[in-house]
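Engineer: need coordinates for the below:
(one chain, ligands or ions: 1)
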Amino acid sequence: MTSTWFDRAKAVIAGGVNSPARSFRSVGGDPPIVMARGEGAYMIDVEGRRYIDYLAAFGPVILGHAHPEVTKAIQEASAEATILGTPVPNEIRLAEVLVEAIEGLDMVRLTTTGTEAVMSAIRLARAFTGRSLVIKFEGTYHGHSDGVLVKAGSGASTVGTADSLGVPSGVTQDVISLPFNNVARLKEALHRWGDNVACVLTEPVVGNMGIVPPAPGYLKEMRELTHQAGAVLIFDEVITAFRFHYGAAASLLGVVPDLYALGKIIGGGIPAGAYGGRRDIMQYVAPLGGMFQAGTWAGNPLSSAAGLKTLEVLRKENPYARMEQLAQNLEIGITESANRHEIPITINRVGSGFTVFFGSEQVTDYDSANRASKDLFGRFHQLMLEQGIYLAPSRFEAWFVSAAHQEMEIDQTLDAVQKSFSRLRP
Ligand SMILES: Cc1ncc(COP(=O)(O)O)c(C=O)c1O
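Structural biologist: All right, here's what the predicted structure looks like:
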């Protein structure tokens, strides 16, 4: 029946999915599972089959699905109004909570998606500096606006090339894409173009080529170099903020950017994003200044209520150490199992998020992530799915443990890993 649903989807939705990351094309091409609902650490498909969920909807689900307090907050807010088009108390409270929790976030602007948050932060950096170039890194993902769908140019080309059809060269010529974790290349680029670099944009811990942490000292160097060049440092913390602790990853890593882009967890399961940072930079945002950015749904009562409640629960219950412990148990168990079955893997884990790369090489950037086996991951994904474990359908995504996962789910997952590896001879 899930494939009947998907047949219907394919007839009316491009590719049958409303976001390409949901398709199973990179893991063998089976139809994706059509899910009916979520319940704590589980998703339940339209036929009633249950799956332990490590997708976490690509990041936002941190308390588990349909958390009773969050559901109640959404119900109460929706009974009052879902949208008013005026300032509302909850968006102001959410902004206050974010400013309090995140170091260097003096002021914030709420948006509806992470894509908008990053797009707006880039525009703001350009408005503030009066410069046009953006430096970003290969394998990071910053949403689907033109300005970030740019990869490194080939051969001798110094500027980026489009990572999607339809992105004009007028956009790509202002974007430079460099390898992550490579101070020398960043230094060289800033030396060459520094006077015209508006911003350096990165995920501080990358979540989109699988989890790739920054090398020791890398972000500190980036902070220092951007400072010297007069470029704005933007951390895209759409995945990482409130994922590893109550706050941004920046403060865990000891580096404070000039601007942040936020999203996912801060909406408590309802669409939300935000950007913000230094007060002197935020003065440029309309109506205070001349950088225009707007949104009908920005800071709407529903996402503000859901986000506020989620952050309140995270603060009160502080589930981070327990989530990390469970993720570490998975990491250890998966590694032992792989060793037993002589399957070469490398696991990158930060807190409750990790990626299993199928290869023995350390993964520190996009090239090394890309050398991990796509074929082995695709087969592993399929075998895990058959045993009721839902992993993100791409080798470049993460497993996320939520506060709803318990030891029972971890044990069941390790059992499934063991069985999958036994059938997965490379
Ligand atoms: C780091 C990062 N930035 C930005 C985005 C875009 O966010 P959204 O999908 O809400 O537009 C994503 C989405 O996965 C992301 O992972």
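Engineer: for the ligand, what's the nearest residue on the stretch 201-350 of the chain?
Structural biologist: Relative to the ligand, the nearest point of the stretch 201-350 of the chain is residue 238 (3.5 Å; C-beta to the nearest ligand atom). Where C-beta positions appear, they are placed from N, C-alpha and C, glycine not excepted.
Engineer: and if you look at the stretch 301-426 of the chain?
Structural biologist: Nearest to the ligand, among the residues of the stretch 301-426 of the chain, is residue 397, at 9.2 Å (C-beta to the nearest ligand atom).
Engineer: just the pLDDT for that residue.
Structural biologist: Per-residue pLDDT puts residue 397 at 96.
Engineer: what sits against it?
Structural biologist: Residue 397 is in contact with 21, 55, 58, 207, 208, 210, 355, 391, counting by C-beta atoms under 8 Å, 6 or more residues apart in numbering.
Engineer: just to check, the second one is in contact with residue 390?
Structural biologist: Yes - in this structure, residue 55 is within contact of residue 390 by C-beta atoms under 8 Å, at 5.6 Å.
Engineer: where do the contact lists of the two overlap?
Structural biologist: Contact with both residue 55 and residue 390 is made by residues residue 43, according to C-beta under 8 Å, 6+ apart.
Engineer: show me what the helix or strand where residue 380 lies is packed against.
Structural biologist: Using DSSP states H and E, residue 380 maps to helix 374-386. Applying 3 or more C-beta pairs under 8 Å, 6 or more residues apart in numbering; DSSP states H and E, one finds that helix 374-386 contacts helix 407-422.
Engineer: hmm, who's touching the helix it packs on?
Structural biologist: Applying C-beta under 8 Å, 6+ apart, the set of residues contacting helix 407-422 from outside is 41, 52, 54, 326, 329-330, 333-334, 337-338, 340-341, 343, 380, 383-384, 387-389.
Engineer: out of these, who's near the ligand?
Structural biologist: Checked against the ligand using C-beta under 6 Å from any ligand atom, these yield no neighbours at all.
Engineer: how close does the one residue in the chain that gets nearest to the ligand get to residue 264?
Structural biologist: Across the chain, the shortest distance to the ligand (C-beta to the nearest ligand atom) belongs to residue 114, at 2.4 Å. Noted for residue 114: a distance of 7 Å to residue 264, by C-beta to C-beta, to the nearest Å.
Engineer: okay, and the common contacts of those two?
Structural biologist: Common contact partners of residue 114 and residue 264 (C-beta under 8 Å, 6+ apart): residue 238.
Engineer: okay, and for the stretch 1-150 of the chain, where does confidence drop off?
Structural biologist: Along the stretch 1-150 of the chain, segments meeting pLDDT under 70 span 1.
Engineer: where do the strands sit along it?
Structural biologist: Along the stretch 1-150 of the chain, counting by DSSP state E, counting those that start in this stretch, strands occupy 35-39, 42-45, 50-53, 107-111, 133-137, 150-151.
Engineer: most neighbours per residue, which of these?
Structural biologist: The highest mean neighbour count among the strands of the stretch 1-150 of the chain, using mean count of other C-beta atoms under 10 Å, belongs to strand 133-137: a mean of 26.
Engineer: which residues of the stretch 251-400 of the chain lie near the ligand?
Structural biologist: 263, 273.
Engineer: the helices in the stretch 251-400 of the chain, which residues?
Structural biologist: 279-282, 301-317, 320-340, 366-371, 374-386 (DSSP state H, counting those that start in this stretch).
Engineer: CSV for the ones you listed, including mean neighbour count?
Structural biologist: Formatted as CSV, the helices of the stretch 251-400 of the chain follow (neighbours: other C-beta atoms under 10 Å):
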stretch, mean neighbour count
helix 279-282, 16
helix 301-317, 22
helix 320-340, 17
helix 366-371, 19
helix 374-386, 19
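Engineer: mind putting those helices in JSON lines, distance to residue 253 included?
Structural biologist: Shown next, in JSON lines, are those (distance: least, C-beta to C-beta, whole Å):
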{"stretch": "helix 279-282", "distance to residue 253": "21"}
{"stretch": "helix 301-317", "distance to residue 253": "19"}
{"stretch": "helix 320-340", "distance to residue 253": "15"}
{"stretch": "helix 366-371", "distance to residue 253": "20"}
{"stretch": "helix 374-386", "distance to residue 253": "28"}
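Engineer: a markdown table for those, including mean pLDDT?
Structural biologist: Supplementary listing: the helices of the stretch 251-400 of the chain in a markdown table, determined by pLDDT from 0 to 100:
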| stretch | mean pLDDT |
| --- | --- |
| helix 279-282 | 98 |
| helix 301-317 | 98 |
| helix 320-340 | 98 |
| helix 366-371 | 96 |
| helix 374-386 | 97 |
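Engineer: do you know which of those lies nearest residue 146?
Structural biologist: Distance to residue 146, taken as C-beta to C-beta, is lowest for helix 366-371 among the helices of the stretch 251-400 of the chain, at 20.3 Å.
Engineer: residues near residue 73, how many?
Structural biologist: 24 (other C-beta atoms under 10 Å).
Engineer: tell me the two of the contacts of residue 397 that are most distant?
Structural biologist: 208 and 391 (15.4 Å).
Engineer: residue furthest from the geometric center of this structure?
Structural biologist: Distance from the centre of the chain peaks at residue 340, with 32.1 Å (C-alpha atoms, centre = their mean).
Engineer: show me which residues of the stretch 1-150 of the chain sit near the ligand.
Structural biologist: 58, 113, 114, 115, 118, 141, 142, 143.
Engineer: what about stretch 198-218, near the ligand?
Structural biologist: Yes - remark: stretch 198-218 sits within contact range of the ligand at 203, 207, 208, by C-beta under 6 Å from any ligand atom.
Engineer: can you name the residues that contact the first one?
Structural biologist: Spelled out, it's residue 203. The contact partners of residue 203, taken as C-beta under 8 Å, 6+ apart, are 140, 141, 142, 235, 236, 237, 238, 239, 240.
Engineer: wait, doesn't the fifth one sit right on residue 200?
Structural biologist: To tie it back to what came earlier, the one meant is residue 236. No - using C-beta under 8 Å, residue 236 is not in contact with residue 200, being 11.1 Å away.
Engineer: any regions of the stretch 151-300 of the chain where pLDDT drops low?
Structural biologist: Scanning the stretch 151-300 of the chain for pLDDT under 70 picks out 154-158.
Engineer: this completes my enquiry, with thanks.
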